[in-house]
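# Pasted the sequence and its predicted model underneath.
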Amino acid sequence: MEPITIALIMIGLLILVILLGIHVGVALGVTSFLGTWAIKGNFNIAMRLLEITSFTACMEYILAVVPMFIIMGLFANLSGASDDVYDSANILFAKIRGGLGIATVIANAIFAAITGSSMASAAVFSKIAYPQMKRLGYDKEFSLGTVVGSSVLGMLIPPSVLLIIYGFMTEQSVGRLFIAGVIPGLILMAIFCLGVWVMVTARPHLGGKRPDTKEMTFRAFLRALSKPWIYAVLIILVLGGIYLGWFTPTEAGAVGAFGAFVYCVFKGKAVPKSLWQLLLDAGYTVGSMFFLFIGAQMYSKMLALSTLPRAIAGYISALSISPFLIIVLFLLAYIVLGALLDSVSILLITTPIMFPMVMTLGFDPIWYGIIAVIAIEMGLLTPPFGICVFVMKSALGDEVTVAEGFRGSVPFLLMMVLALIIIFLFPKLSTWLPGMM
């Protein structure tokens with residue numbers, strides 16, 4: 001059997017076993033091992049490749065950034081800084097129609113700049129924002145949609161876990177990817193804020209009753225603005241240090257984690273029991289991700305042995321269709337896969353196939369990484385998988401249903417489509433800042 005045929009069979013088998021509920025890391029490792037064995041016709045070669053890959057996949061220096069940023073986010077959350085962010089945003093936007101929804105979006109964006117995780121944002125703000133919106137009479141589905149919809153900012157605004165993985169898979173600079181995500185992240189945040197305001201203005205019942213607020217003094221304004229100062233310090237320290245070349249993204253993650261730990265100590269939250277649980281949570285998260293990395297690296301090597309990516313790239317480059325249409329098809333594939341798989345798995349499975357074609361067609365890899373992440377982010381809100389909706393349901397329990405979460409997230413999916421079109425049509429929005437580095 002031809003190596004390309006074997007690779008195609010293994011891709012089909014991979015999708016099948018994932019849909020049957022097998023852990024993605026196991027599915028990647030097993031199908032890649034079987035594919036390598038079939039291509040080379042030698043069990044020992046496949047076993048040796050798996051052995052080498054298991055070692056080298058986890059020895060990449062760039063991957064040290066993953067646990068550092070995860071720990072930084074956990075420390076920031078433990079300190080209670082996420083409550084400060086939301087309280088300040090709520091005070092500043094209290095007098096605006098739908099102000100609580102706008103405050104939730106902005107607080108999510110700031111929180112994302114520390115955690116880099118949409119699931120963490122969904123879990124935290126389900127507990128913080130939803131009860132307040134419920135108390136003020138906001139529409140239930142609108143409230144759930146605002147919380148879960150704005151949580152996707154965590155996968156775009158740096159330090160994004162998806163951008164780290166994309167950089168690792170494509171050998172692109174993580175620092176440049178982080179900086180590239182700033183403007184698109186702010187655009188998406190602005191579209192969400194504007195969308196919340198438009199929805200509440202058009203249908204006032206969505207925004208419930210407006211809170212009783214006194215005229216804000218300049219001193220109260222400054223106090224609200226300065227309350228989440230630790231987030232400002234960490235964001236400036238991490239992104240500013242990367243942009244100015246003071247340290248690498250990995251070193252920036254370590255600096256940020258240490259800064260968040262010091263703030264935890266300052267707030268008196270760094271007690272032994274909490275620290276132990278925090279380290280366990282970080283260990284579970286990082287261990288799961290590294291298991292995926294091993295499977296993904298083995299999968300990439302199997303595809304390289306089969307020459308399938310090269311053959312597909314050559315075939316597509318010979319087609320007489322617009323290269324931009326090909327990118328559109330890739331983005332549509334990401335959105336469809338998002339309804340079935342988690343974001344990390346989508347990126348790990350598709351990048352070895354799609355990225356060589358992107359480079360063959362001459363597109364900027366930084367720009368493509370940003371639009372790919374936005375498209376994949378949409379899967380966090382789409383049924384039946386929609387992991388952020390399920391995280392929100394888990395946080396709120398029987399008080400809400402998954403169906404209500406999905407219905408509430410529909411307007412935010414449409415807003416993400418608008419953001420994706422803008423970034424797609426104007427690549428400079430994602431390449432200008434990296435070009436200044």
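Received the coordinates, thanks.
# Now do the contacts for residue 372.
Residues near residue 372 by C-beta atoms under 8 Å, 6 or more residues apart in numbering: 166, 330, 331, 334, 347. The C-beta positions use only the backbone N, C-alpha and C, and glycine is treated the same way.
# Can you tell me, leaving aside adjacent residues, what's nearest to the fourth one?
Among residues not flanking residue 334 along the chain, residue 375 sits closest, at 3.9 Å (C-beta to C-beta, 6 or more residues apart in numbering).
# Check whether the one you found really touches residue 328, as I assumed.
No - look at residue 375 against residue 328 with C-beta atoms under 8 Å: they stay out of range, at 10.0 Å.
# So for these two, which sits in the more crowded spot?
Of the pair residue 375 and residue 328, residue 375 is the one with more neighbours under other C-beta atoms under 10 Å, namely 24 against 14.
# in this structure, which residue is closest to the centre?
By C-alpha atoms, centre = their mean, the chain has its centre lying nearest to residue 155, at 1.9 Å.
# Where does pLDDT dip in the stretch 101-250 of the chain?
114-117, 208-218, 220-221, 224-228, 231 (pLDDT under 70).
# now the helices for it?
Along the stretch 101-250 of the chain, the stretches classed as helices by DSSP state H, counting those that start in this stretch are 118-135, 140-150, 161-170, 174-180, 182-202, 218-226, 229-243, 249-266.
# Out of the ones you listed, which is closest to residue 404?
Residue 404 lies closest to helix 140-150 among these, at 5.3 Å (C-beta to C-beta).
# Who are the packing partners of the closest one?
helix 99-115, helix 118-135, helix 182-202, helix 387-396, helix 402-425 (3 or more C-beta pairs under 8 Å, 6 or more residues apart in numbering; DSSP states H and E).
# name the helices or strands packed onto the first one?
With contacts taken as 3+ C-beta pairs under 8 Å, 6+ apart, helix 99-115 sits against helix 65-78, helix 81-92, helix 118-135, helix 140-150, helix 182-202, helix 229-243.
# Deepest-packed of those helices, please.
Across those, the average number of neighbours (mean count of other C-beta atoms under 10 Å) peaks for helix 140-150, which reaches a mean of 28.
# Now find how far off-centre that helix is within its chain.
18 Å (C-alpha atoms, centre = their mean, to the nearest Å).
# same question, stretch 35-53
Relative to its parent chain, stretch 35-53 has a centroid offset of 33 Å by C-alpha atoms, centre = their mean.
# what pLDDT, on average, does that stretch get?
The predicted model assigns stretch 35-53 a mean pLDDT of 87.
# Reformat the helices of the stretch 101-250 of the chain as JSON lines; add distance to residue 411.
Below are these laid out as JSON lines (distance: least, C-beta to C-beta, whole Å):
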{"stretch": "helix 118-135", "distance to residue 411": "15"}
{"stretch": "helix 140-150", "distance to residue 411": "6"}
{"stretch": "helix 161-170", "distance to residue 411": "23"}
{"stretch": "helix 174-180", "distance to residue 411": "27"}
{"stretch": "helix 182-202", "distance to residue 411": "6"}
{"stretch": "helix 218-226", "distance to residue 411": "28"}
{"stretch": "helix 229-243", "distance to residue 411": "27"}
{"stretch": "helix 249-266", "distance to residue 411": "33"}
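# Kindly state which of the ones you listed is positioned closest to residue 4.
Across the helices of the stretch 101-250 of the chain, closest to residue 4 is helix 161-170 (C-beta to C-beta), at 21.3 Å.
# And that closest one, what does it pack against?
helix 65-78, helix 174-180, helix 272-306, helix 343-360, helix 365-378.
# Mind listing residues that contact the next helix or strand after the third one?
Under the assignment DSSP states H and E, the closest C-terminal helix or strand after helix 272-306 is helix 308-318. Taking C-beta under 8 Å, 6+ apart as the criterion, the residues outside helix 308-318 that touch it are 3, 4, 7, 8, 303, 326, 352, 353, 356, 357, 360, 361.
# switch the cut-off to 6 Å
4, 7, 303, 353, 356, 357, 360 (C-beta atoms under 6 Å, 6 or more residues apart in numbering).
# Check stretch 5-12 too.
Here stretch 5-12 makes contact (C-beta under 6 Å, 6+ apart) with 31, 35, 38, 39, 303, 306, 308.
# hang on, the earlier thing: of the contacts of helix 308-318, closest to residue 403?
Closest approach to residue 403 among those (C-beta to C-beta): residue 353, at 34.0 Å.
# roughly how far apart are that closest one and residue 303?
7 Å (C-beta to C-beta, to the nearest Å).
# I'd guessed the residue nearest to residue 334 sits against residue 331; true?
Yes - under the criterion of C-beta atoms under 6 Å, residue 375 makes contact with residue 331 at 4.4 Å.
# picking up where we left off before, closest one to residue 391 among the helices of the stretch 101-250 of the chain?
helix 118-135 (4.3 Å).
# Which strands or helices does the closest one pack on?
Packing contacts for helix 118-135, counted by 3 or more C-beta pairs under 6 Å, 6 or more residues apart in numbering; DSSP states H and E, involve helix 99-115, helix 140-150, helix 387-396.
# Report the angle between that helix and helix 65-78.
Put simply, helix 118-135 runs at 20 degrees to helix 65-78, going by axes from the mean of the first three to the mean of the last three C-alpha atoms, to 10 degrees.
# outside of helix 118-135, which residues touch it?
By C-beta under 6 Å, 6+ apart, the residues outside helix 118-135 that reach it are 82, 86, 100, 104, 108, 111-112, 143, 147-148, 151-152, 154-155, 380, 388, 391-392, 395-396.
# Give me the buried entries from those.
82, 86, 100, 104, 108, 111-112, 143, 147-148, 151-152, 154-155, 380, 388, 391-392, 395-396 (16 or more other C-beta atoms under 10 Å).
# which two in the contacts of residue 372 are spaced the farthest apart?
Greatest spatial distance in the contacts of residue 372: 166 and 331, 14.3 Å, computed using C-beta to C-beta.
# So which of those two has more stuff around it?
More neighbours surround residue 166 than the other of residue 166 and residue 331, with 25 against 19 (other C-beta under 10 Å).
# just to revisit the earlier point, now tabulate the helices and strands packed on helix 140-150 in TSV and tack on distance to residue 281.
Below are those laid out as TSV (distance: least, C-beta to C-beta, whole Å):
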stretch	distance to residue 281
helix 99-115	12
helix 118-135	10
helix 182-202	25
helix 387-396	14
helix 402-425	24
